[in-house]
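J.: Sequence first, then the predicted structure:
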Amino acid sequence: MKRAAASAAAAFALAALFAGCGGPSPAVWRGSPVSVVRASADRTLAASTATVALTLAQNTAGTGVSGTGAVDFASQQAVLSLGRTGSAAARDDRFEVVVNGGRDYVMAASPSGAGMPGTTAGRPWLAGTPAEIAATGHDRIAPLDTLIVRPGVGTALALLRGAVDALVYGGQEVRGEGTLRVSVHIDLQQAARASPPNQRPALLEAAAAIGPVLWPADVWIDQRGRVVRLEMAEDPELHTTTTRGNLFITDDGNPLALTDLDFYDFGVAAKISVPLPGQVVEAE
């Protein structure tokens, strides 16, 4: 009863928000916030492809990695080109990541010439499951390894099918477009159960690696019901109830590392090339 009352109150608040702006809310934003968030996953994945921008910030100085790439939702493929940011930018490390279903490929380069562990100039790509690459490459690519053990860039949207609660933050602009921002908690097992069979393995693998936590996240939904930004706490086990309001300190008083995924240019052809077998070293 309390949850139903909360959902009704949130829906009323959303209607009031847009009435105050001089117009009704888009149809895809109506209904309970949880159902709006869950539906946004399918609407975005139905767009087939998108350009993606990723930022992983470990502290308030922006130390981490960031970059851009493309994702093909239908084939569960993605490609990202990333570099270090903040105080780590001086290392001038560059990373290329290719996601091909449940198999990942990572290549590293820097002025020092250091690549991924075990790779050579002729075989520069380290390949394997996300867990294998994260374990083998941790010392070379951290904090990127924490991102790799999650579902791929495209499959990350399927996490939203596991939203178990939702709090409407309000309207915000993303890349010049009005969006609805909602704070949620995500149950990975629920996300897997609500996803098609071909998407479940990556979600279940992430759930096994992360454990039974409710993952705090914020999602920005455009007026066609698609996700244009997804922000997640880097460590879902930290004591924080939400990333809402751009909080950067947890309830424990520790810095809250955040990962942001922006999706745009939906439907534009994604050029993704999987490394050839002769270019690859298998992670052990």
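T.: Yep, that arrived.

J.: Centre of the chain to stretch 39-56, how far?
T.: The chain centre lies 9 Å from the centre of stretch 39-56; the measure is C-alpha atoms, centre = their mean, to the nearest Å.

J.: I misspoke; the intended subject was stretch 263-271.
T.: For stretch 263-271, the distance to the chain centre is 16 Å (C-alpha atoms, centre = their mean).

J.: how long is it end to end?
T.: Terminal residues of stretch 263-271 are spaced 16 Å apart (C-alpha to C-alpha, to the nearest Å).

J.: Where does pLDDT dip in the stretch 101-250 of the chain?
T.: Within the stretch 101-250 of the chain, the segments meeting pLDDT under 70 span 150-155, 209-211, 235-250.

J.: what are the ranges of the strands in the stretch 101-250 of the chain?
T.: 103-109, 125-128, 163-174, 177-187, 214-221, 227-233 (DSSP state E, counting those that start in this stretch).

J.: need the ones you listed in CSV with distance to residue 93 and mean neighbour count, can you?
T.: C-beta coordinates here come from the backbone N, C-alpha and C atoms, glycine included. Formatted as CSV, the strands of the stretch 101-250 of the chain follow (distance: least, C-beta to C-beta, whole Å; neighbours: other C-beta atoms under 10 Å):
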stretch, distance to residue 93, mean neighbour count
strand 103-109, 6, 21
strand 125-128, 14, 24
strand 163-174, 28, 17
strand 177-187, 30, 21
strand 214-221, 27, 24
strand 227-233, 23, 22
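
J.: Can you add distance to residue 38 and give the ones you listed back as TSV?
T.: Below are these laid out as TSV (distance: least, C-beta to C-beta, whole Å):
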stretch	distance to residue 38
strand 103-109	27
strand 125-128	32
strand 163-174	6
strand 177-187	9
strand 214-221	10
strand 227-233	11
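
J.: Quick one: closest of these to residue 277.
T.: Of all the strands of the stretch 101-250 of the chain, strand 125-128 sits nearest to residue 277, with 9.0 Å by C-beta to C-beta.

J.: Pairing partners for the closest one, with directions?
T.: Strand 125-128 pairs in its sheet with strand 103-109 (antiparallel), strand 280-282 (parallel), by DSSP bridges.

J.: Tell me which of the strands of the stretch 101-250 of the chain sits nearest to residue 149.
T.: Closest of those to residue 149 is strand 103-109, at 9.6 Å (criterion: C-beta to C-beta).

J.: residues making contact with that closest one?
T.: Residues from elsewhere that reach strand 103-109, judged by C-beta atoms under 8 Å, 6 or more residues apart in numbering: 93-98, 114-116, 119, 124-130, 133, 137, 140-141, 144, 148, 152, 274-275, 280.

J.: could you flag which of the residues you listed are buried?
T.: Burial by neighbour count, 16 or more other C-beta atoms under 10 Å: within the contacts of strand 103-109 this picks out 93-98, 115-116, 119, 124-130, 133, 137, 140-141, 144, 148, 152, 274-275, 280.

J.: that older thread, any chance of the strands paired with strand 125-128 in JSON lines with distance to residue 227 as columns?
T.: Shown next, in JSON lines, are the strands paired with strand 125-128 (distance: least, C-beta to C-beta, whole Å):
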{"stretch": "strand 103-109", "distance to residue 227": "22"}
{"stretch": "strand 280-282", "distance to residue 227": "32"}
